[in-house]
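1. can you look at this prediction? I've put the sequence above it.
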Amino acid sequence: MPRESKKARRERAGTIYDLLQEEYPDAHCELDFESPFQLAVATILSAQTTDVRVNETTPELFRRYPDAEALANAQQEDVEEIVRSTGFFRNKAKNIIGFARGLMADHEGEVPRDLHALTELPGVGRKTANVVLGNAFDINEGVVVDTHVKRLSNRMRLTKEDNPVRVERDLVDLFPRERWTMLAHLLIWHGRNVCDARKPLCQKCVVSHLCPSSRV
DNA sequence: ATCCCGAGGG
DNA sequence: CCCTCTGGAT
């Protein structure tokens, strides 16, 4: 089996995208939010946790701390109690308060529409920044690479990299910019519903014929 | 590389 | 019990 050419991989990637979009026409960000600030906070909380669990904690969190000014003045113990069930709760409470204070100090309480400015803020890495830019501002700055995107990209051999930054570099090279945000949603939905981490349901997978890891 | 750290599934 | 869930900081 010869090494797949760049052109062939781009075509395969495009077909995978089309089939997944057909399968998940309503794929979207499943975190509940009403502002860029709320999406950023919810995304920080979503580390190593299901979005369902995040959505259980954020109504109370945003009721008490609806914006950066309120959260910047919060007591850490109060925030810890609200976000406890998301795991890593001490770090997450510290991070979202630090994030709010950073917004107040450097951005007049508003979330910047800039990847570098975002990643300078406490608790915000490249993944979180890409989520905010793509889903709060409709800016296709990069591809969100989370645990699902990394796993599926490797299984489908859209990349051979393990480092998330390198995975993203391969993905932005394979897909046109206007597809970057939706690509992550499609891979995440497929990862949750079919291409499970432990027991992938290759029999139910609409792209199994394009996947080198398929066991069908 | 390691720490943070909760909940649900198999 | 072990693994996984939209990671980031040190």
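-> Sure, I can see it.

2. now the closest residue to DNA strand B within chain A: which helix or strand?
-> Nearest residue of chain A to DNA strand B, counting by CB to the nearest atom of the strand: A:Arg90, 2.8 Å away. All C-beta atoms are positioned from the backbone trio N, CA, C, and that covers glycine. In this assignment (DSSP states H and E), A:Arg90 forms part of helix A:89-106.

3. any idea how far A:Ala47 is from the closest residue to DNA strand C within chain A?
-> Minimum separation of chain A from DNA strand C (CB to the nearest atom of the strand) falls at A:Gly125, amounting to 2.7 Å. From A:Gly125 across to A:Ala47, the span is 9 Å (CB to CB, to the nearest Å).

4. quick one: the host helix or strand of A:His185 near DNA strand C?
-> A:His185 belongs to helix A:180-193 when elements are defined using DSSP H and E. Yes. For a cut-off given as CB under 7 Å from any atom of the strand, helix A:180-193 has contacts with DNA strand C, namely A:Ala184, A:His185, A:Ile188, A:Gly191, A:Arg192.

5. which among those residues count as buried?
-> A:Ala184, A:His185, A:Ile188, A:Gly191 (16 or more other CB atoms under 10 Å).

6. from A:Arg179, how far out is the nearest residue to A:His28 once chain neighbours are set aside?
-> Once its chain neighbours are removed from consideration, A:His28 has its nearest residue in A:His185; the separation is 6.0 Å (CB to CB, 6 or more residues apart in numbering). For A:His185, the distance to A:Arg179 (CB to CB) stands at 10 Å.

7. what stretches of chain A score poorly on pLDDT?
-> Low-confidence regions of chain A, defined here as pLDDT under 70, cover residues A:1-2.

8. what does it have sitting close to DNA strand C?
-> Remark: the part of chain A in contact with DNA strand C comprises A:29-31, A:43-44, A:46-52, A:87-88, A:91, A:95, A:119, A:122-129, A:131, A:144, A:146-148, A:151, A:184-185, A:188, A:191-192, A:196-198, using CB under 7 Å from any atom of the strand.

9. go again using 6 Å as the cut-off
-> A:29-31, A:46-51, A:88, A:91, A:122-128, A:131, A:144, A:146-148, A:188, A:191-192, A:197-198 (CB under 6 Å from any atom of the strand).
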